[in-house]
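Asker: fold the following for me, if possible:
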Amino acid sequence: MEIATNIFLRHDNKKYQNKLESVINLWRTAKSSEQVSVKDLLLEEINNIAPDIAEDAVNRFFLALEEASFEPRDLHTERTGYIADYYYFNYTHGSNGIEIVEAILQFLLDLAPALDIRAYLRGDDDPWERFYRCESGIVRSTDYEPSFEEAEDDELPDEYQWWHEGLPTEIKAGFIHSWKQY
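Answerer: This is a model prediction of the structure:
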C-alpha cells in the first residue's frame, strides 16, 4: 500500500515560517542514512528556532518516528513549493505513512502552536482519504471514503468543508475535487 500526502503550512509571522521551511528543507536534503546524524542536524536547526524546547521536541519527534519504524529517507519530501501564501511539501510512504505524517504534524505544531497546518492523505487501493487540521494546538483528523457520484453534487461533504475552511481557493485536496475536473 502507498499513501500519498500533501502538507500545507502557514504562519502569520513570515520570518518564523521561513525558519520552519528551513527545517523541512534540512530533512529533505539530508544525505545521511544514519538516523543519529539526521537527529543531530535537526536538533542544531531547532536550537536556532526554539532553544527552550528544542531537545525535548526533537526527542519526542524521533521517538514517534521510531515507533513508526521509519527510515531517515522517509523524511525526504518529493516536492516543495508555494500555493498562495501556504508552503507545501509532499511524500509517498508505505503503510507506516500515517504514523510518520502524524509525527511530523505534531512536531511542527510543538514548534509553532499558532501554525495553520493541514495534511491530506490518500491511499492507492480503494479511494480513501484522511484529512488533518490543527486547531487550538491539537492535531485533529477525519477519514472519508468518497464515491464518484459525489463529484456530481453541488455541495461538498462536511469533511471537505471542514478541511478547506479558511484556505485560499487555489488549494483543493481530495478525490472529489479531482473527479469534478472531468
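Asker: average pLDDT for stretch 91-98, rounded please.
Answerer: Taken as a whole, stretch 91-98 carries a mean pLDDT of 89.
Asker: meant to ask about stretch 123-132
Answerer: The predicted model assigns stretch 123-132 a mean pLDDT of 83.
Asker: what do you get for stretch 19-30?
Answerer: Across stretch 19-30, pLDDT averages out at 84.
Asker: extract the C-alpha set from it and format it as CSV.
Answerer: Coordinates of the C-alpha atoms in stretch 19-30 are reproduced here as CSV (Å, rounded to 0.1, in the frame of the first residue of the first chain):
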residue,chain,number,x,y,z
LYS,A,19,12.6,29.0,9.8
LEU,A,20,10.1,26.2,9.7
GLU,A,21,10.6,25.8,6.0
SER,A,22,14.3,25.5,6.6
VAL,A,23,13.7,22.6,9.0
ILE,A,24,11.7,20.8,6.3
ASN,A,25,14.3,21.5,3.7
LEU,A,26,17.0,20.3,6.1
TRP,A,27,15.4,16.9,6.4
ARG,A,28,14.6,16.9,2.7
THR,A,29,18.2,17.4,1.7
ALA,A,30,20.0,15.4,4.4
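Asker: flag every buried residue along that stretch.
Answerer: Taking 16 or more other Cβ atoms under 10 Å as the basis for neighbour counts, the residues of stretch 19-30 that come out buried are Lys19, Leu20, Glu21, Val23, Ile24, Leu26, Trp27, Ala30. All C-beta atoms are positioned from the backbone trio N, CA, C, and that covers glycine.
Asker: quick one: Phe89 is in a helix?
Answerer: No - assignment of Phe89 by DSSP: H, G, I helix; E, B strand; the rest coil gives strand, placing it outside any helix.
Asker: what are the boundaries of the helices in this protein?
Answerer: Along the chain, the segments classed as helices by DSSP state H run 14-29, 35-49, 54-67, 97-111, 158-164, 175-180.
Asker: Tyr86 is nearest to which of these?
Answerer: Evaluated over the helices of the chain, closeness to Tyr86 peaks at helix 14-29, with 9.5 Å, by Cβ to Cβ.
Asker: ok, back up a step: most packed of the helices of the chain?
Answerer: Each of the helices of the chain was scored by mean neighbour count; the highest is helix 97-111, a mean of 20, by mean count of other Cβ atoms under 10 Å.
Asker: so what touches that one?
Answerer: Outside of helix 97-111, the residues that reach it under the criterion Cβ atoms under 8 Å, 6 or more residues apart in numbering are 2-3, 5, 7, 9, 20, 23, 46, 49-50, 53, 57, 60-61, 64-65, 67-68, 70, 74-75, 91, 93, 115, 117, 119, 121, 130, 132, 134, 137, 139, 141.
Asker: between it and helix 35-49, how many degrees?
Answerer: Comparing the axes of helix 97-111 and helix 35-49 via axes from the mean of the first three to the mean of the last three Cα atoms, to 10 degrees yields an angle of 30 degrees.
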